[in-house]
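Q: Following is a predicted model, sequence given first.
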Amino acid sequence: MNVKMIVICMYIMLVYWLSLRIPYLDTLFFPALGAYSFLFATKSFRMTEISKIILGSFLSSALGTLFFYMYPSPISLFANALITMWMVTRFKWNAPPIVAVSLIPFFSHSPNHWFIPLSICAVMLGLMLFLVVAELIEKRKAELLSFILGNKVAAKSEKLDTVA
């Protein structure tokens, strides 16, 4: 099990716990968070790509919230999905979960629909922060491991030098 997976699963658990404990934060936890987490953990993205995906997630959820607020119907859901898919392909946001977050207002039972885009932005920024922390942990772990193994290799080569 790699460090990123463990750190991200801990983050998902934290977000879920917060959404259960604090009533107005019920929109923090959403199913696409798991998809985003797995996507970011298994593929290597530059921070600029992750930033674009976070921006796309925020914009698509704001668009979905706007459509739901104006007229909650299958037609507004269709228009929202169509426009969001167009935005994903047009701006080359390589993350299908963006379409999923645009649909959250249509199935969320929260009375605070305008918290949805803010919650998604906050959760995605938190995910990015946890990914950075996981990468730092992996880097430190690799440095420590190479230091330990490097000392053992150096000790073995010194033994060989003294024997010869």
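A: Yep, it's here. Remember, predicted model here, so these are calculated numbers, not experimental data.
Q: contacts, neighbours, all on C-alpha from now
A: OK.
Q: From the chain's centroid, how far away is whichever strand or helix holds M124?
A: Taking DSSP states H and E as the definition, M124 sits inside helix 115-163. Offset of helix 115-163 from its chain centre (C-alpha atoms, centre = their mean, to the nearest Å): 20 Å.
Q: who are the neighbours of it, in terms of helices and strands?
A: Packing partners of helix 115-163 (3 or more C-alpha pairs under 8 Å, 6 or more residues apart in numbering; DSSP states H and E): helix 3-21, helix 32-42, helix 47-70.
Q: tell me the mean pLDDT over that helix?
A: Averaging pLDDT along helix 115-163 yields 77.
Q: tilt between it and helix 47-70?
A: Here the directions of helix 115-163 and helix 47-70 differ by 160 degrees (axes from the mean of the first three to the mean of the last three C-alpha atoms, to 10 degrees).
Q: Next, the angle from helix 115-163 to helix 32-42.
A: Using the same axes, to 10 degrees: helix 115-163 against helix 32-42 is 30 degrees.
Q: out of the helices and strands packed on helix 115-163, deepest packed?
A: The highest mean neighbour count among these, using mean count of other C-alpha atoms under 10 Å, belongs to helix 47-70: a mean of 20.
Q: Show residues contacting that one.
A: 76-77, 80, 84, 88, 93-95, 98-99, 101-106, 113-114, 116-118, 120-121, 124-125, 128 (C-alpha atoms under 8 Å, 6 or more residues apart in numbering).
Q: coming back round to it: report the inter-axis angle for the helix holding M124 versus helix 3-21.
A: On the basis of the same axes, to 10 degrees, helix 115-163 is oriented at 150 degrees to helix 3-21.
Q: re earlier: need the buried ones from the contacts of helix 47-70 selected in ChimeraX.
A: Buried residues within the contacts of helix 47-70, by 16 or more other C-alpha atoms under 10 Å, are selected in ChimeraX with:
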select :76,77,80,84,88,93,95,98,99,101,102,103,104,105,106,113,114,116,117,118,120,121,124,125,128
